Each structure stands twice: as structure tokens, then as C-alpha cells.
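Undergrad: one predicted model, sequence on top.
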Amino acid sequence: MTMEPVAVSTGSFTRMFFLRDRRELGLGSRGLLLAVFGIAVSLAWPVLATGQDTSQAPQWVATWGTSPSTPGSFGEPGTSGIAFENRTLRQIVHTSVGGDSVRVRVSNRHGSVPLEIGAVHIASRREGARIEASSDRALTFGAENSIKIPVGAFVLSDPVALEVEPLADLAISIYFPSDTGTPTSHGTALQTSYISSPGNFAASEQISGAETSQSWFFLTAVEVRPSERTGVVVTLGNSITDGTLSTVDGNSRWPDHLARRLAARGSGAL
């Protein structure tokens, strides 16, 4: 399946958008961190911009998100030369709010070639690169398992039913059948990602003998549909907001602490 670089709709919740370059926004390379580790960012942009939606019905919100950048611009050393071909990348994200269905955003914003996706799976993470097999779900794009994302674009997967817990780990596994070229990434993830040996291991319970990275690649948001309407908090900042020098895999960035405090209040988000 190939999608042209224009806004399209392939279902009630599947859309393609373009991301604006940070230079257009007047922000420095380290100044733009849409670190939504939290707390829920709605992607109903026209609604948010106009303030016209007053309904109480639940909407899609981002339980996790991060800003895309060019590899090697900052963050983990050595990412500038990385690419994936016939490999599966299993990435771990920590949720803020829960929901009964989920979808993900995959970006080729800074790519050098069209990005071919062969398979995407999402599941609850047990430990390391191991998932809870009973929770594994295949994600589709316009009802197709594969998709090709043009340079500069990103896509949202079709929604799938999955009980997502707040403040929990999810594993998103993406199989790349062909050379990805320059990957869109977030260098300072402070979260271990797992890179398989050659082959499609997106549905595998465990990826044994995987290489590791402390960056996120191509994945820029995970959205859930909560049981009740949830507010929005976005954190913007520099490396402090990114969690630099905090514990790897510890979810101890200050936005993570804020998410836990909000969850304890039962307010979801301010």
C-alpha cells in the first residue's frame, strides 16, 4: 500500500498529516520537545484551535509522544549512521492515561527515502524485549498490514481494541522489509529499544539476541481512547524536559513524575 504525501482519510480514525519544521516555528533544535510523556495530547487540531467542541464524549488522546528530529543531531552517539533493512525494531513506551483501544503514529518526517513498513504490532511489555503474548495486536493502515510513507509525512494506524493501563509499558514492534534510509528519530529516549537479527519478529513474544539502542525511531505518538473525556498537557523544554542524566528505563523524567501525580489525583490531566 502506497500513500501520497497529502492529507487523506482511510477510515474514521486513520489520517495522514505533515509536520512543520521546527525552523518554521522559530524554535532551536533542542528547544522543541513535545514530550507528551504524559498526559494526553488530543490530535483533533481544528477542534482545539477553535475551541468549539463542548461535548463530553471521549476522544483520542496521546498517552505517549515525543518530537521527531534528524538522527545524530543530539542524543545517543552513533545514530547518524544507523538504518534498518529486514529488521524488526521493538520500542518501549510508558503510558500516562489508559483506554480501551489504541493506535500509533509513525513518522518519516526527516527520512531520505519513502519508508516501507511491513508489519506493526503492539502489546503490553513484560520485561526486556518480551511481551505479554495474549495482548499482542497487529496494527493496520487503511486495513492493510503494510504501508509506504512518503518523505516528510506521517501516518496514524487504524484503531485496535486493547485494554491499555495507565502508567504501564507498551511494546511497539515495527518490521522494515527494505532499507529505511535516514531514520526519523528522537535521540535522547533514555529507554531501551531492541533491534532484531534479520527477519520479521513483530509478532514474536521475545526477540532474543537483539541489539539495543537508547533512541526512538519513527514512532512519535501512541494514542488511546479513554473511558471518559481527558484533558491536555504538553511539556516543552530542553534536555531537562527530555530527561537527560535521569535513569535509563526508569521513567524518571520530570514529565513522568507529573504524569504520576496527575494519575494519583484521578484527574488524568490538568
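TA: Looks like it arrived, so ask away. Everything quoted here is computed from the prediction, not taken from an experiment.
Undergrad: please make it C-alpha for all contacts and neighbour counts, starting now.
TA: OK.
Undergrad: just the helices in the stretch 101-250 of the chain please.
TA: Secondary structure of the stretch 101-250 of the chain (DSSP state H, counting those that start in this stretch): helices at 239-242.
Undergrad: where does the prediction get shaky in it?
TA: Within the stretch 101-250 of the chain, the stretches falling below the threshold (pLDDT under 70) are 232.
Undergrad: now do the contacts for the residue nearest to Ala189 when sequence neighbours are not counted.
TA: Beyond its immediate neighbours in the sequence, the residue positioned closest to Ala189 (C-alpha to C-alpha, 6 or more residues apart in numbering) is Ser215, lying 4.8 Å away. Ser215 makes contacts with 75-76, 185-193, as judged by C-alpha atoms under 8 Å, 6 or more residues apart in numbering.
Undergrad: so Ala263 lies in a strand, does it not?
TA: No: counting by DSSP: H, G, I helix; E, B strand; the rest coil, Ala263 is not part of a strand but helix.
Undergrad: just to revisit the earlier point, save the contacts of Ser215 as TSV, and put in distance to Lys148 and neighbour count too.
TA: Written out in TSV, the entries for the contacts of Ser215 read as follows (distance: C-alpha to C-alpha, whole Å; neighbours: other C-alpha atoms under 10 Å):
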residue	distance to Lys148	neighbour count
Gly75	27	19
Glu76	27	17
Ser185	17	29
His186	21	28
Gly187	23	26
Thr188	26	20
Ala189	25	23
Leu190	28	25
Gln191	27	20
Thr192	26	20
Ser193	22	25
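Undergrad: so which of the residues you listed is the closest to Val248?
TA: Val248 has its nearest neighbour among the contacts of Ser215 in Leu190, at 4.6 Å by C-alpha to C-alpha.
Undergrad: in this structure that closest one contacts Ser252, no?
TA: No: with the criterion set as C-alpha atoms under 8 Å, Leu190 and Ser252 do not qualify as a contacting pair; they are 9.5 Å apart.
Undergrad: what's the overlap in contacts for these two?
TA: For the pair Leu190 and Ser252, residues contacting each of them under the criterion C-alpha under 8 Å, 6+ apart are 243, 246.
Undergrad: may I have stretch 103-115 as CSV, with CA atoms only?
TA: Below are the C-alpha coordinates for stretch 103-115, written out as CSV (Å, rounded to 0.1, in the frame of the first residue of the first chain):
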residue,chain,number,x,y,z
ARG,A,103,-3.4,3.5,17.6
VAL,A,104,0.1,4.7,16.8
ARG,A,105,1.7,7.4,14.7
VAL,A,106,4.7,6.5,12.6
SER,A,107,6.7,9.4,11.0
ASN,A,108,9.0,9.7,8.1
ARG,A,109,9.4,13.5,8.7
HIS,A,110,13.2,13.5,8.4
GLY,A,111,13.6,10.5,6.1
SER,A,112,15.7,10.3,3.0
VAL,A,113,13.6,7.8,1.1
PRO,A,114,9.9,6.6,1.3
LEU,A,115,9.6,4.4,4.4
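Undergrad: list the buried residues for it?
TA: Along stretch 103-115, the positions that meet the burial threshold by neighbour count (16 or more other C-alpha atoms under 10 Å) are 103-111, 113-115.
Undergrad: any idea how far that stretch is from the chain center?
TA: Averaging C-alpha positions (C-alpha atoms, centre = their mean, to the nearest Å) puts stretch 103-115 11 Å from its chain's average.
Undergrad: for it, which outside residues touch it?
TA: Stretch 103-115 is contacted from outside by 18-19, 68-70, 139, 148-160, 180-184, 218-224, using C-alpha under 8 Å, 6+ apart.
Undergrad: give me the buried subset of the residues you listed.
TA: Buried residues within the contacts of stretch 103-115, counting neighbours by 16+ other C-alpha under 10 Å: 18, 68-70, 139, 148-160, 180-184, 218-224.
Undergrad: can you list which of those are found in strands?
TA: Where these overlap with strands, as defined by DSSP state E, the overlap consists of 18, 139, 148-149, 153-156, 160, 219-224.
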